[in-house]
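# just need the structure, nothing else, for what follows:
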Amino acid sequence: MTISTSDKPFLERVKESEQDKFMQASVAKSQDAQWDKREASRKELGNWPQWRDLGEQIRQHVIKYLPDYLEEFSDNIEKRGGHVYFAKTDKEAAEYITNLAKEKQAHKIVKSKSMVTTEINLDKELLKIPGTQLMETDLAEFILQEDDWAEPTHIVFPALAKNRDQVKEIFDKLGYEGDNDPEHLARFAREYLRRYFLQADFGITGCNFAIADSGLINLVTNEGNADLTMAIPKTQVVVMGMERIVPSLKEAETLDNMLSRSAVGQKLTSYCSFSGKQVEGEADGPEDFHVVIVDNGRSNALGTPFEPVL
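This next block holds a predicted model:
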């Protein structure tokens, strides 16, 4: 998500939400539509309860042997020429990344949508660096950022409360001269972001799953912005919760299949990528590759009734 969160009292926010009829209608419509899509995609796959059991078995196995898989993953990242930093707290994680950005003299930073970077308040820290520009590249995140870091409405559809006229007003400030047709608005955003991507020198992504036996990062997106964030800047930082490990590509394939159907009701998202540091002979990809593995209280859940949250 973007960095903005409300500091208004809860009851005041509730009252404002009750008056926002467009947001209420948008959320209700989205909930209904997404429920239908998810149910249809799961039914098409078949045996959904068994798939869920398999996914749970994979995750429980990983958590049971988490230190071993983290060590294996870290070793394989370093074998590929990358760097791994284990951050005990959110402050340690954010400090490592901001110091790296300063060291690299990063001028233009691109980010793909990431819950963990929001958890560690990374945007706010990066924007403190003099002369550094930051761009959220997920379309919804981009819209909210350009609307003076407006607050997100939904974890999967952050700009759900914005209608096409509101988006047009935001884009008009960036030089847009078209109508409120969503296709035209999306094309403008793509062209605007593409120019920024080509100038970026520092990229930051999240991580859907980290592959222990190969040291690869698995990212699942619909827009391809994470792929550009990985491919163009010379430096890439991956920020991940310590539990986002799978033993191999086999398990990643299973969980990616379930993730897509459970999130937005798709068979598979548009871009399912596996990446790492640029290897010799490649024309794209980061020359300097860093993975920040965040604990930030997760280890406190291990061996307790709260362990399933991982």
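
# report the buried residues of stretch 69-77.
Within stretch 69-77, the residues that qualify as buried are 69-70, 72-74, 76-77, counting by 16 or more other C-beta atoms under 10 Å. For every residue, glycine as well, the C-beta is placed using N, CA and C.

# make a markdown table out of those and add distance to Pro158.
Listed next are the buried residues of stretch 69-77 as a markdown table, based on distance: C-beta to C-beta, whole Å:
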| residue | distance to Pro158 |
| --- | --- |
| Tyr69 | 31 |
| Leu70 | 30 |
| Glu72 | 34 |
| Phe73 | 29 |
| Ser74 | 32 |
| Asn76 | 33 |
| Ile77 | 30 |
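
# now those residues in TSV, with pLDDT?
Shown next, in TSV, are the buried residues of stretch 69-77 (pLDDT from 0 to 100):
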residue	pLDDT
Tyr69	98
Leu70	98
Glu72	98
Phe73	98
Ser74	98
Asn76	97
Ile77	97
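
# out of the residues you listed, which are inside helices?
Of these, the ones assigned to helices by DSSP state H are 69-70, 72-74, 76-77.

# between these, which is nearest Arg38?
Nearest to Arg38 out of those is Tyr69 (C-beta to C-beta; 29.3 Å).

# check contacts around that closest one.
With contact set as C-beta atoms under 8 Å, 6 or more residues apart in numbering, Tyr69 has these partners: 62, 212, 245, 247.

# the third one against Asp68, yeah?
By that I understand Ile245. No - using C-beta atoms under 8 Å as the test, Ile245 is too far from Asp68 to be in contact (9.7 Å).

# isn't Phe142 up against Glu136?
Yes - with contact defined as C-beta under 8 Å, Phe142 reaches Glu136; the gap is 5.5 Å.

# those two: which is more packed in?
Using other C-beta atoms under 10 Å as the criterion, Phe142 and Glu136 rank with Glu136 on top: 28 against 24.

# ok, Ala33 - how many residues close by?
By other C-beta under 10 Å, the residues close to Ala33 number 12.

# with Leu302 instead?
15.

# let me see the contact set for it.
63, 66, 310.

# picking that back up, Ile245 and Asp68: who's more crowded?
For Ile245 versus Asp68, the count of surrounding residues by other C-beta under 10 Å is larger for Ile245: 25 against 13.

# please report phi then psi for the most centrally placed residue in the chain.
Central residue of the chain (C-alpha atoms, centre = their mean): Ser114, 2.7 Å from the mean position. Main-chain dihedrals, Ser114, degrees, to the nearest 10: phi -150, psi 120.

# cool, and Glu282?
Taking degrees, to the nearest 10, you get phi -80, psi 150 for the backbone angles of Glu282.

# contact partners for it?
Residues near Glu282 by C-beta under 8 Å, 6+ apart: none.

# from Ile120, how far off is it?
As defined by C-beta to C-beta, to the nearest Å, Glu282 lies at a distance of 30 Å from Ile120.

# same deal with Thr221?
Thr221 is 20 Å from Ile120, by C-beta to C-beta.

# same check on Glu12?
Taking C-beta to C-beta, one finds Glu12 at 27 Å from Ile120.

# what about those two, which has more around it?
Ile120 (24 against 10).

# quick one, strands of the stretch 101-250 of the chain?
Here the stretch 101-250 of the chain has its strands, by DSSP state E, counting those that start in this stretch, at 108-111, 133-136, 202-205, 209-211, 216-221, 235-241, 245-246.

# helices of the chain, residue ranges please.
Shown for the chain, the helices assigned by DSSP H span residues 10-19, 21-45, 48-64, 66-79, 90-103, 115-119, 122-126, 139-146, 164-172, 182-199, 225-231, 249-263.

# quick one, which of these gets closest to Asn208.
Nearest of those (C-beta to C-beta): helix 249-263, 6.8 Å.

# any weak-confidence spans in the stretch 101-250 of the chain?
Residue ranges of the stretch 101-250 of the chain with pLDDT under 70: none are present.

# which residues touch Thr153?
Listed by C-beta under 8 Å, 6+ apart, the contact set of Thr153 reads 23, 26-27, 159-161.

# from these, which is closest to Lys168?
Distances from Lys168 to the contacts of Thr153, taken by C-beta to C-beta, are shortest for Ala159, at 13.0 Å.

# if we ignore the residues flanking it in sequence, what's nearest the closest one?
Ala140 (3.9 Å; C-beta to C-beta, 6 or more residues apart in numbering).

# I'd guessed the one you found sits against Val156; true?
No - between Ala140 and Val156 there is no contact under C-beta under 8 Å: 9.1 Å.

# more neighbours: the two, which one.
Just comparing Ala140 and Val156: by other C-beta under 10 Å the higher neighbour count belongs to Ala140, 22 against 12.

# if anything else comes up later, I'll come back, but that's it for now.
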